[in-house]
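Peer 1: Predicted model follows, preceded by the sequence.
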Amino acid sequence: MSFILNIETATKNCSVSIAKNGETILCKEIAEEGYSHDEKLHVFIEDIVKEAAISMQDLVAIAVSQGPGSYTGLRIGVSAAKGLCFALDIPLIAIDTLQTLASKVNSKDGKIIPMLDARRMEVYSAIFNSNLEKERAVQAEIITENSFSDFEETLYFVGDCAEKCKPFLVKDNFIFLEDIKYPSAREMSKISYEKYKISDTVDVAYFEPYYLKDFMMTTSSKK
């Protein structure tokens, strides 16, 4: 059996899950306005391992959200993940934060647009099809009335940007799933297991997450 600990701290949601062979068996998370990741993360990890009735030595890998997202949140999550990997001598798996967010959508048609708030009208987004295959890489952009205007199929927007983006994204084929705001470690389980099976891991010593400051902002109206 392959137990993987998944850590998602890129947003206000501090989330941890234990997965067995790609299936989430336990998840603990809390989304608060004030980032409490430094207080909650290690407690969540200790609690969830105990509740799963396994030991840390049973883990075969640690998966962590790689961003984009909050500088503070990503730093805390990656630091914890690296420390565990070094201590346990197990591999580190990096998971695209926006892929995790998109995985919360159950759709048989259209495109999924996960977006995370940056500042002002700036967001970080990607485009996935209904099979959760990425069709456009992570991109930083300023949302305007022309954003995504070339698309005719249904677009499902998820993330914490609905309030500021809805006044600009008003086409009939634009649907905001406002109850899906933050990525969760629950949806990381299948992704991390698939990566583990093909040894898609990162160098524990040199891995760095995608911080917001690393992206250049653009205005996009095309696919």
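Peer 2: Okay, I see it.

Peer 1: Tell me which residue lies nearest the centroid of the chain.
Peer 2: Residue closest to the average C-alpha location in the chain (CA atoms, centre = their mean): T97, at 2.4 Å.

Peer 1: Look up how far K164 lies from the residue of the chain positioned farthest from its centre.
Peer 2: In the chain, counting by CA atoms, centre = their mean, D172 sits farthest out from the average C-alpha position, at 27.4 Å. Distance of D172 to K164, computed by CB to CB, to the nearest Å: 20 Å. C-beta here means a position set from N, CA and C on the backbone, and glycine is covered the same way.

Peer 1: And for V202?
Peer 2: V202 sits 33 Å away from K164, going by CB to CB.

Peer 1: Ok, D117 next?
Peer 2: 7 Å.

Peer 1: Relative to the whole chain's centre, how far out is the lengthiest helix in the chain?
Peer 2: Identified as the longest helix of the chain according to DSSP state H is helix 71-88. From the chain centre to the centre of helix 71-88 is a distance of 15 Å (CA atoms, centre = their mean, to the nearest Å).

Peer 1: could I get that helix in PDB with only the CA atoms?
Peer 2: Extracted in PDB, the C-alpha atoms of helix 71-88 (Å, rounded to 0.1, in the frame of the first residue of the first chain):
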ATOM      1  CA  TYR A  71       4.300  33.700  -0.600                       C
ATOM      2  CA  THR A  72       3.800  33.000   3.100                       C
ATOM      3  CA  GLY A  73       1.500  30.000   2.600                       C
ATOM      4  CA  LEU A  74       3.700  28.300   0.000                       C
ATOM      5  CA  ARG A  75       6.900  28.900   2.000                       C
ATOM      6  CA  ILE A  76       5.300  27.300   5.100                       C
ATOM      7  CA  GLY A  77       4.000  24.300   3.200                       C
ATOM      8  CA  VAL A  78       7.200  23.600   1.200                       C
ATOM      9  CA  SER A  79       9.400  24.000   4.200                       C
ATOM     10  CA  ALA A  80       7.300  21.500   6.100                       C
ATOM     11  CA  ALA A  81       7.300  19.100   3.200                       C
ATOM     12  CA  LYS A  82      11.000  19.300   2.600                       C
ATOM     13  CA  GLY A  83      11.700  18.700   6.300                       C
ATOM     14  CA  LEU A  84       9.600  15.600   6.300                       C
ATOM     15  CA  CYS A  85      11.200  14.300   3.100                       C
ATOM     16  CA  PHE A  86      14.700  14.800   4.500                       C
ATOM     17  CA  ALA A  87      13.800  13.200   7.800                       C
ATOM     18  CA  LEU A  88      12.100  10.200   6.300                       C
END
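
Peer 1: What's the mean pLDDT across whatever helix or strand comes next after that helix?
Peer 2: Where DSSP states H and E defines the elements, the next helix or strand beyond helix 71-88 is strand 92-95. Mean per-residue pLDDT for strand 92-95: 98.

Peer 1: contact partners of strand 92-95?
Peer 2: The contact list for strand 92-95 (CB atoms under 8 Å, 6 or more residues apart in numbering) reads 4, 6, 8, 61-66, 81-82, 85, 188, 191-192, 195-196, 200-204, 207, 209.

Peer 1: what about the strands in the protein?
Peer 2: Per DSSP state E, the chain carries strands over the ranges 3-8, 13-20, 23-31, 59-65, 92-95, 111-119, 122-129, 134-142, 155-159, 174-176, 218-219.

Peer 1: Give me whichever of those strands is most buried.
Peer 2: Of all the strands of the chain, strand 3-8 carries the top mean neighbour count, a mean of 27, counting by mean count of other CB atoms under 10 Å.
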